[in-house]
Each structure stands twice: as structure tokens, then as C-alpha cells.
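Engineer: Take this sequence and fold it.
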Amino acid sequence: MEKDIKQLLNDNVVEFTFTKKNGEIRKAVGSRNINFLMWTDQTNFTENDKPKGINKESDSVCPYWDFDKCAWRSVAVDSVISIDKLYEIDAFWTNEKINTNNN
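Structural biologist: All right, here's what the predicted structure looks like:
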């Protein structure tokens with residue numbers, strides 16, 4: 001991957017494809033930008049969902065807020081197959097795609 005998935009998720013809303021531990025291919029839409037998640041009610045993100053800072057983050061695993069599951073999920077960095085769509089935080093709800101070719 002050209003860009004680190006963690007940095008992309010910090011700065012944007014990212015649609016990506018990855019391989020789950022069981023071998024299943026999954027698409028996800030997520031972000032790690034807490035300010036964005038708290039700002040809009042469309043994420044179903046609440047004060048109780050903010051990370052507690054208990055677990056130390058590793059370099060190989062990336063936690064993110066999954067918009068479809070409305071919960072925190074993690075993805076192994078090396079399991080990401082592709083970045084399918086990348087949205088600037090402010091443009092996400094208006095469906096303004098900013099980049100679709102990040103391989």
C-alpha cells in the first residue's frame with residue numbers, strides 16, 4: 001500500500017477491502033477521526049464509544065470505527081487488499097469521492 005491505512009483512517013473516511021482471519025474477503029467503511037465521529041450523529045457514535053486508552057496499539061493492527069457495524073473493529077494492516085474509496089471527512093456525507101486509485 002502506498003499510504004499507511006492507519007494514517008488514511010486518521011485523516012479520512014476510508015472504504016477498503018481486507019482478508020479476515022478466517023480467509024473471508026470483507027469490505028469496510030471506517031474512520032479513526034474521533035472529532036468527526038463525535039461531530040455527526042450519522043455515525044451512531046456516542047461519548048461512551050470513545051476509546052478508553054487501555055490497550056496499547058500495535059504496528060500490525062489498526063482499530064477503526066466501522067460505519068456498517070456501528071462499533072470499533074480492528075484490521076490487520078497486512079491484510080488490507082485495497083483502498084477502494086477515500087473521502088475527506090467533510091465530504092463523506094455528501095458522497096464526494098476524492099480518490100479511488102491508491103494502490
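Engineer: contacting residues around the helix or strand of the chain with the lowest mean pLDDT?
Structural biologist: The weakest-scoring helix or strand in the chain, judged by mean pLDDT, DSSP states H and E, is helix 34-39 (a mean of 77). Residues from elsewhere that reach helix 34-39, judged by CB atoms under 8 Å, 6 or more residues apart in numbering: 13, 31, 43, 45, 47, 49, 50, 51, 65, 89. Every residue, glycine included, has its C-beta placed from N, CA and C.
Engineer: Does anything pack onto the helix or strand following that helix? Which helices or strands?
Structural biologist: Using DSSP states H and E, the helix or strand that follows helix 34-39 towards the C-terminus is strand 61-66. In this structure, strand 61-66 packs against helix 5-11, strand 25-31, strand 71-76, with contacts taken as 3 or more CB pairs under 8 Å, 6 or more residues apart in numbering; DSSP states H and E.
Engineer: circling back to that earlier point, the contacts of helix 34-39 into a markdown table, with extra columns for pLDDT and distance to residue 78?
Structural biologist: Below are these laid out as a markdown table (pLDDT from 0 to 100; distance: CB to CB, whole Å):
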| residue | pLDDT | distance to residue 78 |
| --- | --- | --- |
| 13 | 90 | 22 |
| 31 | 91 | 20 |
| 43 | 64 | 27 |
| 45 | 75 | 27 |
| 47 | 73 | 33 |
| 49 | 80 | 27 |
| 50 | 73 | 27 |
| 51 | 71 | 22 |
| 65 | 90 | 21 |
| 89 | 73 | 26 |
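Engineer: so what's residue 81 up against?
Structural biologist: Neighbours of residue 81 in contact, by CB under 8 Å, 6+ apart: 16, 17, 18, 19, 25.
Engineer: Also residue 47?
Structural biologist: Residue 47 neighbours (CB under 8 Å, 6+ apart): residue 38.
Engineer: And for residue 29?
Structural biologist: Applying CB under 8 Å, 6+ apart, we find residue 29 in contact with 13, 14, 15, 66, 67, 68.
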